[in-house]
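# missing the sequence, but the structure's below:
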């Protein structure tokens, strides 16, 4: 168990790193943020930060020497960075989790190996493979690069008239998977925290709405039956346990209506705090960020209590930031701005949480 | 209205400055903390800080040049520091407030001038004056230095057998007041925020329990009638308005039972965020710290919504910090540690908030 005053190293200086550092501060823990980009939002809320590339071993060495544990705010931490740091200080969650989740193929095979369903998928690397895959998966379907995809980047829809070669070209001719189109009723997510002792604590299942592949709005509780919610939570717990995970992870799921009732499919695992858990900052007694900090610090997890009957989180994306002031005076609303210099299309600039007692 | 990204200068680097900086960060505002003490808790949560004396004009000049507005976390900001900064950047709340509240005599005369009652008091500077004052005020009564008193420092009780000269010696022979003993039923406080446009927003009246003159526990709502609560809130609003105050202030009051009903007397004004308002961090949709930041940034105040039916805040004082971990797993409890190096008797090390839904 880290003592108050200990220092947590955070790889990545975006809004997630920033909110992790703010949560650590509440617990009397210090943070050192490491990020290649100048003006990273998380730099503003810590005393010590390093602006250096992830392959700068001199900088990594100094960073490791000054921290007690290392964590990360994003899943694309380079493997050699994680290995370099792991040899010097505990890195949590364990970097082997990254190897599983950085590759869509590995991730889906891992999920299926637990007996948990996903959308059907086939790995493809050439136009010929893609053409064959389309025959088994059907169209419309979605071509997704195995690595480095987020917020809709690295994916394209395969329609009946799409040429396989040009579809592959659209995702940079990168190794990919073709994924069957899931006619889901709802997208939901479970934010799960797992402690080193194996204890798992999940937040209420959250319902998510996307636009242009970017999360727009989360609502909790999700409009699903208790049985579906329990199944989603059970799946998240199984995944966290199978990964021997320490920290917070998010499992995104599809809820599909079938003649026999609702089914839940795993869409994606995010081995980190997650945008769909931002509502916990204001809508629960303990946030996902604090749960993550507690877990990696070896502190006990909390049993969070949700506020209100319903909580809604709305992202402020791109130009929406210009109208943030309208939310300041809405009763029960809380405004979070991430301190990013300028907006651009699709950039997450802040969010607003609203708690409804009705 | 400050733009997101603007910088707030904070004089004082204790836990109040720290929590102000954390609240500013949520709104995308940066903070620069100025404090003479090394290892000030607020230094940990900001990118820029200055460790320098309050009369170091070179440091103050550089500080003023780098911030858009200046505020403070403590009422004993030296007058020349406030004047020096005021000549360069807006200082809020207006430093003239400090002149009123730094002196118990001036403060009480100001409160009485608004027609608001206080305990009876008489200024004393010599043993002869104290002896005469004791005849009019009665004994037991309390001798308090006019300046620099807090948490019971600079005061002593005058009992029937107390020698005036030795009592004065106990408070350092400083200019003082003799204050009548108030047989109060409860101590309560009102945390009021006032915006530049004159709008005042108060939190629910909080009931406070002290031990050794240090706040131990706050509970909200206070166990008082709606009429008494309304009177306390009205008094806080009148004081804020009369001071042309911008920011958060706390008014501490005594509730006294009389044959004709309850009376409310003002005990003290704190021109800053206040320990008895810490419950608002977890027990309300917007905290006292954010209200203060909004006010001094020229942003609109929020209309905070309280969580739970009852909220309790308990300070972790001195050695109590060693047992902080017991609170981590209490459902609905939130733990705040201030990042102070070591505990000592009477030092505020953190606090715990609990929200009760029953």
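Cool, the structure landed. Note that this is a predicted model, so its numbers are computed, not measured.

# contacting residues around stretch A:343-355?
A:15, A:151, A:212, A:214, A:275, A:278-279, A:281-283, A:307-308, A:310-322, A:324, A:327, A:330, A:332-338, A:340, B:28, B:285, B:305 (Cβ atoms under 8 Å, 6 or more residues apart in numbering or on different chains). Bear in mind the C-beta positions are built from the backbone N, C-alpha and C, glycine included.

# can you pull out the helices in the stretch 251-358 of chain A?
Secondary structure of the stretch 251-358 of chain A (DSSP state H, counting those that start in this stretch): helices at A:280-283, A:288-296.

# mind checking the SS state of residue A:229?
When classified by DSSP: H, G, I helix; E, B strand; the rest coil, residue A:229 comes out as helix.

# which residues does it contact?
A:204-205, A:221-222.

# again with residue A:250
Neighbours of residue A:250 in contact, by Cβ under 8 Å, 6+ apart: A:189-192, A:269-270, A:272-274, A:276-277.

# which of the contacts of residue A:229 has the most neighbours?
residue A:205 (28 neighbours; other Cβ atoms under 10 Å in any protein chain shown).

# from chain B, how far off is residue A:255?
Distance, residue A:255 to chain B, using Cβ to the nearest Cβ, to the nearest Å: 29 Å.

# cool, and residue A:50?
13 Å.

# check the secondary structure at that residue for me.
strand.

# that one: neighbouring residues, count only.
18.

# which single residue of the stretch 201-350 of chain A ends up nearest chain B?
Closest to chain B within the stretch 201-350 of chain A is residue A:337: 2.9 Å, counting by Cβ to the nearest Cβ.

# beta partners of that residue?
Per DSSP bridges, the residues bridged to residue A:337 are residue A:350, residue B:27.

# that one and residue A:328: what is the separation?
To residue A:328, residue A:337 is 11 Å away according to Cβ to Cβ, to the nearest Å.

# now residue A:46
For residue A:46 relative to residue A:328 (Cβ to Cβ), the value is 26 Å.

# looking at those two, which has the bigger crowd around it?
residue A:46 (25 against 18).

# what's that one sitting at in phi/psi?
Main-chain torsions, residue A:46, degrees, to the nearest 10: phi -130, psi 160.

# can you tell me the SS state at the closest residue to it other than its chain neighbours?
Once flanking residues are discounted, residue A:46 sits nearest to residue A:31: 4.8 Å by Cβ to Cβ, 6 or more residues apart in numbering or on different chains. Three-state call for residue A:31 (three-state DSSP): strand.

# residue A:201 against residue A:301, yeah?
Yes - here residue A:201 reaches residue A:301: they are 4.7 Å apart, a contact under Cβ atoms under 8 Å.

# can you count the residues close to the residue of the stretch 51-200 of chain A found nearest chain B?
Closest approach between the stretch 51-200 of chain A and chain B, counting by Cβ to the nearest Cβ: residue A:199, at 10.3 Å. Residue A:199 is flanked by 11 other residues according to other Cβ under 10 Å.

# give me the spatial nearest neighbour of it, chain neighbours excluded.
Closest residue in space to residue A:199, ignoring its immediate chain neighbours: residue A:301 at 6.0 Å, by Cβ to Cβ, 6+ apart.

# the one you found and residue A:246, how far apart?
Counting by Cβ to Cβ, the separation of residue A:301 from residue A:246 is 11 Å.

# run through the residues that contact the closest residue to residue A:289 other than its chain neighbours.
Once flanking residues are discounted, residue A:289 sits nearest to residue A:23: 3.6 Å by Cβ to Cβ, 6+ apart. Residues in contact with residue A:23 (Cβ under 8 Å, 6+ apart) are A:287, A:289-290, A:292-293.

# then residue A:258?
Per Cβ under 8 Å, 6+ apart, neighbours of residue A:258: none.

# now it, which residues is it bridged with?
Bridge pairing for residue A:258 - DSSP bridges - gives residue A:261.

# how close does it get to residue A:231?
13 Å.

# so which residues of the stretch 51-200 of chain A form helices?
A:57-65, A:79-86, A:96-101, A:104-113, A:127-137, A:164-170.

# buried residues in the first one, which are they?
Looking back up the chat, that one is helix A:57-65. Residues of helix A:57-65 classed as buried: A:59-60, A:63-64 (neighbour count, 16 or more other Cβ atoms under 10 Å in any protein chain shown).

# contacts for that helix?
Applying Cβ under 8 Å, 6+ apart, the set of residues contacting helix A:57-65 is A:9, A:32, A:34, A:50, A:52-54, A:70, A:81, A:84-85, A:88-89.

# mean pLDDT for the helices of the stretch 51-200 of chain A - can I get that in JSON lines?
Output for those, formatted as JSON lines (pLDDT from 0 to 100):
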{"stretch": "helix A:57-65", "mean pLDDT": "98"}
{"stretch": "helix A:79-86", "mean pLDDT": "97"}
{"stretch": "helix A:96-101", "mean pLDDT": "95"}
{"stretch": "helix A:104-113", "mean pLDDT": "98"}
{"stretch": "helix A:127-137", "mean pLDDT": "95"}
{"stretch": "helix A:164-170", "mean pLDDT": "94"}
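
# right, so of these, which gets closest to residue A:264?
Checking the helices of the stretch 51-200 of chain A against residue A:264 by Cβ to Cβ gives helix A:104-113 as the closest, at 11.6 Å.

# so for that closest one, what gets flagged as buried?
A:104-105, A:107-108, A:110-111.

# what lies in contact with it?
Counting by Cβ under 8 Å, 6+ apart, A:99-101, A:118, A:121, A:123, A:144-147, A:149, A:175, A:177, A:239, A:242, A:266, A:268-269 sit against helix A:104-113.

# repeat that for 7 Å
A:100-101, A:118, A:121, A:123, A:144, A:146, A:177, A:239, A:266, A:269 (Cβ atoms under 7 Å, 6 or more residues apart in numbering or on different chains).

# and what of stretch A:2-9?
Applying Cβ under 7 Å, 6+ apart, the external contacts of stretch A:2-9 come out as A:24, A:27-32, A:34, A:63, A:66-71, A:293, A:296-298, B:337, B:339, B:341.

# what about 6 Å?
Stretch A:2-9 has contacts (Cβ atoms under 6 Å, 6 or more residues apart in numbering or on different chains) with A:24, A:28-32, A:63, A:67-70, A:297, B:337.

# of those, select the buried ones using a PyMOL command.
Remark: buried members of the contacts of stretch A:2-9, expressed as a PyMOL selection using 16+ other Cβ under 10 Å:
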select buried, (chain A and resi 24+28+29+30+31+32+63+67+68+69+70+297) or (chain B and resi 337)
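
# quick one: which of the contacts of stretch A:2-9 is nearest residue A:1?
Distance to residue A:1, by Cβ to Cβ, is smallest for residue A:297 among the contacts of stretch A:2-9, at 6.9 Å.

# so what's that closest one closest to, chain neighbours aside?
Once chain neighbours are set aside, the closest to residue A:297 by Cβ to Cβ, 6+ apart is residue A:2, at 4.1 Å.

# residues of chain A that sit close to chain B?
A:4, A:22, A:25-28, A:30, A:43-45, A:47, A:285, A:300, A:303, A:305, A:307, A:328-329, A:331-332, A:334, A:336-337, A:339 (Cβ under 6 Å from any Cβ of the partner chain).

# are any of the residues you listed buried, and if so which?
Neighbour counting by 16+ other Cβ under 10 Å classes A:4, A:22, A:25-28, A:30, A:43-45, A:47, A:285, A:305, A:307, A:328, A:332, A:334, A:336-337, A:339 among the residues of chain A next to chain B as buried.

# about what we covered before: reformat the helices of the stretch 251-358 of chain A as CSV; add mean neighbour count and mean pLDDT.
Shown next, in CSV, are the helices of the stretch 251-358 of chain A (neighbours: other Cβ atoms under 10 Å in any protein chain shown; pLDDT from 0 to 100):
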stretch, mean neighbour count, mean pLDDT
helix A:280-283, 26, 97
helix A:288-296, 28, 98
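
# among those helices, which is nearest residue A:171?
Nearest to residue A:171 among those is helix A:288-296 (30.8 Å), distances taken as Cβ to Cβ.

# what residues does that closest one touch?
Contact with helix A:288-296 is made by A:19-20, A:23-24, A:69, A:71, A:92, A:191, A:193, A:195, A:246-248, A:273, A:277, A:280, A:301, as judged by Cβ under 6 Å, 6+ apart.
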